[in-house]
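Q: mind looking at a prediction? Sequence and model below.
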Amino acid sequence: MRTSLHGSVSRRVFVTAAAAAGLGATRALAQPAPLKIGVIFSYSGSGPTGLTFDPGINLWMSQHGDRIAGRKVELIRRDDTGIAPDTARRLAQELIVENNVEILAGVAFTPNAIAVAQVSTQAKKPFFLVNAATSNIMEKAPYMSRYSFTTAQLCTPLAKWAVANGITNAYSIVQDYGPGIDAGNAFTKQFADSGGKVTGATRFPVNTEDFTPFLQRAHDTKPQAVFVFVNASTGGAAFLKAFRDVGLARDGVKLIGTGDLVSENNLPADGDLALGVITAFHYSGTHPSALNRQMIAAVERLTHGSLTADFTTVQVYDVMHAIYEVVAAQHGQVDPDRTMELVKKLKFESARGPIAIDPATRDIVENVYIRRTEKRNGKLVNVEFDTIPMVKDPNEHYSS
């Protein structure tokens with residue numbers, strides 16, 4: 001049977017096209033699905049920290065790429081707007097149900113973290129917590145791990161340091177929500193255990209703007225020091241001004257607290273009122289590491305010098321490190337239970353110093369630095385002058 005040249009060519013073209021189509025389909029089938037990570041943060045409700053969050057993500061991805069074991073990383077960001085647990089819960093549910101995320105990450109405030117953890121637990125989705133500082137919020141949240149700090153973790157060594165350095169009586173003033181309550185309780189207990197005496201204690205609402213009544217009460221007890229917890233998003237500059245105005249600074253009363261009070265991007269607004277403040281924190285912009293210098297340069301470049309790196313930047317950078325490491329160990333897969341077993345073994349060098357995850361609690365273990373706010377080369381900075389190595393939260397003893 002004779003076959004025309006046209007027919008032969010047509011068949012060859014058809015076969016070639018079919019083969020090409022088959023190869024394209026094979027390649028399409030071989031291409032792994034993107035790894036979707038749902039990111040929830042208070043972009044619009046956490047002051048400067050809302051602007052220093054994404055630079056930490058961007059720096060990690062610029063250094064390590066946008067793929068893990070061949071899977072392209074797709075970040076789906078949502079703004080919970082501030083302390084709004086119902087909003088955070090709804091966003092987490094939407095990210096899982098509608099966007100099919102395999103991992104949740106982010107969150108700034110404790111009430112929101114608790115809400116997202118409930119969703120994470122029900123859906124069995126690993127949740128990498130960037131911030132929130134209340135103890136024991138992970139005991140009933142088996143798929144959550146934390147990369148920030150707890151206030152008890154900071155305040156216990158601070159109380160020991162205070163008594164060891166001649167401060168034997170102090171007044172406690174803290175915000176009336178989870179981290180503040182933990183801070184006040186931890187400081188008071190350890191201060192007393194170390195031989196100090198708390199002359200009085202008070203709590204104030206989170207959104208307080210006038211601290212004068214609280215500080216006047218402190219002044220009336222004639223303390224050597226005032227211990228304070230004010231989170232980095234609310235009230236630091238106003239607190240420092242009131243501290244001066246009621247005469248505490250004039251009378252030589254020391255101001256001690258957690259580093260939130262004088263966070264790096266709040267120092268310009270604090271001005272010289274911050275000079276001499278002693279704080280305990282897990283990070284400082286002056287921490288002498290190459291990675292910290294890279295992080296500071298990246299944030300200042302991205303924000304055209306208006307902001308510098310702060311604790312939020314380093315925490316989200318470390319969250320990205322943790323996610324990349326545990327997903328790579330699973331060759332791109334995210335088995336929830338395997339992920340959490342791998343999380344419990346994490347240990348690496350951060351811009352803040354060495355960190356590890358406590359396998360009993362899934363909480364962070366890290367250095368706590370005692371710092372003094374000073375002016376160097378015309379700029380206010382927090383200078384580390386003492387280090388308490390690899391501190392665990394003293395309140396957490398559960399195992400999961």
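A: Looks like it came in fine.
Q: and the strands in the stretch 101-250 of the chain, which stretches?
A: For the stretch 101-250 of the chain, the strands defined by DSSP state E, counting those that start in this stretch occupy 103-106, 127-129, 144-146, 169-175, 197-204, 225-229.
Q: list the contacts of the first one.
A: It stands for strand 103-106. 35-41, 53, 92, 95-96, 116, 119-120, 125-130, 316, 319, 323, 334 (CB atoms under 8 Å, 6 or more residues apart in numbering). C-betas here are computed from N, CA, C, even on glycine.
Q: for the fifth one, same thing?
A: Strand 197-204 is contacted from outside by 168-176, 180-181, 184, 188, 191-192, 211, 214, 217-218, 221-223, using CB under 8 Å, 6+ apart.
Q: just the buried residues of that strand, please?
A: 198-199, 201, 203-204 (16 or more other CB atoms under 10 Å).
Q: which among those residues gets closest to Pro111?
A: The shortest approach to Pro111 among these belongs to Arg203, at 16.1 Å (CB to CB).
Q: and the gap between that closest one and Phe211?
A: 12 Å (CB to CB, to the nearest Å).
Q: ditto for Phe243
A: Distance from Phe243 to Phe211, by CB to CB: 8 Å.
Q: before we move on, which element is the nearest residue to Leu51 once chain neighbours are set aside in?
A: Closest residue to Leu51 apart from its sequence neighbours, by CB to CB, 6 or more residues apart in numbering: Leu307 at 5.7 Å. Per DSSP states H and E, Leu307 falls between elements, in no helix or strand.
Q: please apply the same query to Val73.
A: Per DSSP H and E: strand 71-79 holds Val73.
Q: buried ones in the next helix or strand after that strand?
A: Per DSSP H and E, the first helix or strand lying C-terminal to strand 71-79 is helix 85-97. Within helix 85-97, the residues scored as buried using 16+ other CB under 10 Å are 85, 87-89, 91-93, 95-96.
Q: who are the packing partners of helix 85-97?
A: Under the contact criterion of 3 or more CB pairs under 8 Å, 6 or more residues apart in numbering; DSSP states H and E, helix 85-97 touches strand 35-41, strand 71-79, strand 103-106, helix 110-123.
Q: pull the CA atoms of that helix into CSV?
A: Extracted as CSV, the C-alpha positions of helix 85-97 are listed here (Å, rounded to 0.1, in the frame of the first residue of the first chain):
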residue,chain,number,x,y,z
PRO,A,85,-8.2,36.7,68.8
ASP,A,86,-11.5,36.2,67.0
THR,A,87,-10.0,37.7,63.8
ALA,A,88,-6.8,35.6,64.2
ARG,A,89,-8.9,32.5,64.6
ARG,A,90,-11.0,33.2,61.5
LEU,A,91,-7.9,34.0,59.4
ALA,A,92,-6.3,30.7,60.5
GLN,A,93,-9.4,28.8,59.6
GLU,A,94,-9.6,30.5,56.2
LEU,A,95,-6.0,29.8,55.4
ILE,A,96,-6.4,26.1,56.1
VAL,A,97,-9.8,25.5,54.5
